[in-house]
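Q: Could you work out the structure for the sequence below:
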Amino acid sequence: MPEEMPEDLPEGMKEACGEILLLFRTRQRFVLTTHVNPDGDGIGSEIALASWLRKRGKDVRVINHSALPASYRFLDPGGTVAEFDPPRDNPAIAGADVIVVLDTNHPDRLQSMKEAVLGSPALKICIDHHLDPEPFAHPVLIDENATSTGEILYRLLFREGDERPTAEIATGLYCAIMTDTGSFRYPRTGPITHTIVSRLIACGADPVRVYAEVYERWSTGRLHLLGEVLAGLRTELGGRLAHITITRQMLSRTGTSEEDTDNFTTYPMSVEGVRVGILFLEIEGGVKISFRSKGVIPINALAMEFGGNGHMNAAGARIDGGDTSDVRSRVLSAAGKYITGEK
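A: Sure, this is the predicted structure:
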């Protein structure tokens, strides 16, 4: 049976798409935002949607809790993506007609912006591909089977085929899809995704440049940090689980930050025989945990045991006030049943 083409949306999504497009056409003042420590999917989706709305004469502000990561600054040469400053930005959030939350469906992940967003009289739209949404927005466009929020946006904005993305929009969406598919190697990356990507390249997205900007601009400090991290890589459960730990002392010693740890989860998963990879990152006041798995291991279920969530093969959690060694011990102990019970 042939797969549906990108223009064809699941029936359950079509009503939400119609509601969202109507709001995009009829409302004037928009605020776009995404989750704390935004990744390529969150930033690329914001850039693409902001550009699409501005083409239609809309007043658009892009405001995030976190500063724009250096590896994604090429998407925003005009410096339009702002780090949240309450005195400056609260009036815009309160005065917006529509607030669009991208790539997260939990307002807690907006961190310092949560109160302002939830307290605004603006309509809230959520566009995302993660599981278990919080009921804070309407309309909601969530496709848990999509590779990325960028893919959902493409299917929302260009499904009728009567408009081509500009180069700026195509680049943002390409970056969103590339990063959230692990450069097109994660599950769910099928013919539809590659069809969308081919269209984005035809519209001006440069895959060589996007990859180089995101993955080939490492500082020497980040390389030194990676060396320390890999030296501490450990395996458990007969080599089926690998884990790495990053302490605040390591960040200080190498002159790096949490932003520099992006994609470090790739390395535990690259060890032959590993089915689960876990990264423990010591942050101010707690521990951030990134979980990855292969095959049918539901790593999001493990994340949920520690207050987190995510996809079946990629999830995360944040434990406030936890000691890193204690958190690591508890997580590794809990992980065993997911690996030993694998079919």
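Q: Which strand or helix spans R292?
A: In the assignment (DSSP states H and E), R292 maps to strand 286-293.
Q: Past that strand, which element shows up next along the chain?
A: helix 299-305.
Q: Just checking the distance from that following helix to the centre of its chain.
A: Centroid separation for helix 299-305 versus its chain: 18 Å, with CA atoms, centre = their mean, to the nearest Å.
Q: per the record, what domains does the protein have?
A: The chain is divided into the following domains under automatic domain parsing: 11-214, 220-340.
Q: Need the winner for burial among those domains.
A: domain 11-214 (a mean of 19; mean count of other CB atoms under 10 Å). Just so you know, the C-beta spots here come from the backbone N, C-alpha and C atoms, and that holds for glycine as well.
Q: That domain: end-to-end distance?
A: 35 Å (CA to CA, to the nearest Å).
Q: Report the mean per-residue pLDDT for it.
A: For domain 11-214, mean pLDDT is 95.
Q: same check, this time on stretch 321-333
A: 93.
Q: Now do it: everything it contacts.
A: 236, 241, 243, 245, 247, 278, 280, 282, 285-287, 289, 302, 306, 319 (CB atoms under 8 Å, 6 or more residues apart in numbering).
Q: CA atoms of it as PDB?
A: Output of stretch 321-333 as PDB, limited to C-alpha atoms (Å, rounded to 0.1, in the frame of the first residue of the first chain):
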ATOM      1  CA  GLY A 321      18.200  18.900  43.900                       C
ATOM      2  CA  GLY A 322      19.600  15.500  43.200                       C
ATOM      3  CA  ASP A 323      23.200  14.300  43.800                       C
ATOM      4  CA  THR A 324      24.700  13.200  40.500                       C
ATOM      5  CA  SER A 325      26.100   9.900  41.700                       C
ATOM      6  CA  ASP A 326      22.900   9.000  43.500                       C
ATOM      7  CA  VAL A 327      20.700   9.900  40.500                       C
ATOM      8  CA  ARG A 328      23.000   7.800  38.200                       C
ATOM      9  CA  SER A 329      22.800   4.800  40.600                       C
ATOM     10  CA  ARG A 330      19.000   5.000  40.700                       C
ATOM     11  CA  VAL A 331      18.500   5.400  37.000                       C
ATOM     12  CA  LEU A 332      20.900   2.600  36.100                       C
ATOM     13  CA  SER A 333      19.200   0.300  38.500                       C
END
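Q: how far does that stretch sit from the chain's center?
A: 25 Å.
Q: do the same with stretch 47-57
A: 20 Å.
Q: just stretch 275-294 next, same as before
A: 15 Å.
Q: go on, stretch 147-164?
A: The answer for stretch 147-164 is 17 Å, by CA atoms, centre = their mean.
Q: i'd like the first residue to be 440 from this point on
A: New numbering, starting at 440: the last item is stretch 586-603.
Q: quick one: terminal-to-terminal distance for that stretch?
A: Termini of stretch 586-603 sit 21 Å apart (CA to CA).
Q: Then stretch 545-552?
A: End-to-end distance (CA to CA), stretch 545-552: 12 Å.
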